[in-house]
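J.: could you look at this predicted model? Sequence included:
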Amino acid sequence: MSGERDASVAELRVDPTELHLTATQLEAHADEFSAAHQQAHSRASQVSIGSGAARAALPQMLDEWANSGTRFKERHILHADGHREAADRYIQADDRGADQIEDAGSAL
């Protein structure tokens, strides 16, 4: 069982550059979504529908829609930040491992 565990750990490969690229893509998607969402929101806010309760409900619905769009973008940015943080931690761990190997070699 120990051999199986060692094999799965040995298969873990992380490319910090790929994590950074993915983070950039997530941010780009968030920005694209936000721009399209704001454009649609602007058009929707120009609509004049019905009267009474329907007309009164539209601004509240648009506000909630805008808030949902903001939360969507914030989540994507949070995921992008998480990818960058993970990349930085992998780099730091790799640097520490390299330092330990160098120290061990120097001690010989």
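T.: Ah, there it is. Numbers count the residues shown, from 1 in each chain.
J.: any idea how far the residue nearest the centre of the chain is from residue 86?
T.: Most central in the chain under Cα atoms, centre = their mean is residue 79, positioned 2.2 Å from the mean C-alpha point. Residue 79 sits 11 Å away from residue 86, taking Cβ to Cβ, to the nearest Å as the criterion. Backbone N, C-alpha and C define where each C-beta goes, glycine included.
J.: next: residue 29.
T.: Counting by Cβ to Cβ, the separation of residue 29 from residue 86 is 18 Å.
J.: could you point out the longest helix in this protein?
T.: Determined from DSSP state H, the single longest helix within the chain is helix 53-107.
J.: please state the offset of that helix from the chain centre?
T.: 4 Å (Cα atoms, centre = their mean, to the nearest Å).
J.: now do stretch 44-53
T.: Centroid displacement of stretch 44-53 relative to its chain, using Cα atoms, centre = their mean, is 35 Å.
J.: not counting it itself, show me its contacts.
T.: Here stretch 44-53 makes contact (Cβ atoms under 8 Å, 6 or more residues apart in numbering) with 55, 58, 59, 62, 65.
J.: what subset of those residues is buried?
T.: Neighbour counting over the contacts of stretch 44-53 (16 or more other Cβ atoms under 10 Å) leaves no buried ones.
J.: closest one of the residues you listed to residue 13?
T.: Nearest to residue 13 among the contacts of stretch 44-53: residue 65, at 41.4 Å, using Cβ to Cβ.
J.: the closest one contacts residue 42, doesn't it?
T.: No: when contacts are counted by Cβ atoms under 8 Å, residue 65 is not listed as touching residue 42 (11.7 Å).
J.: for this structure, where's the lowest mean pLDDT among helices and strands?
T.: Taking mean pLDDT, DSSP states H and E as the measure, the helix or strand of the chain with the lowest value is helix 2-10, at a mean of 55.
J.: check residue 44 and give its pLDDT.
T.: On pLDDT, residue 44 comes in at 88.
J.: still on that earlier bit, could the contacts of stretch 44-53 be laid out in a markdown table, adding distance to residue 13?
T.: Converted to a markdown table, the contacts of stretch 44-53 look like this (distance: Cβ to Cβ, whole Å):
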| residue | distance to residue 13 |
| --- | --- |
| 55 | 58 |
| 58 | 52 |
| 59 | 51 |
| 62 | 46 |
| 65 | 41 |
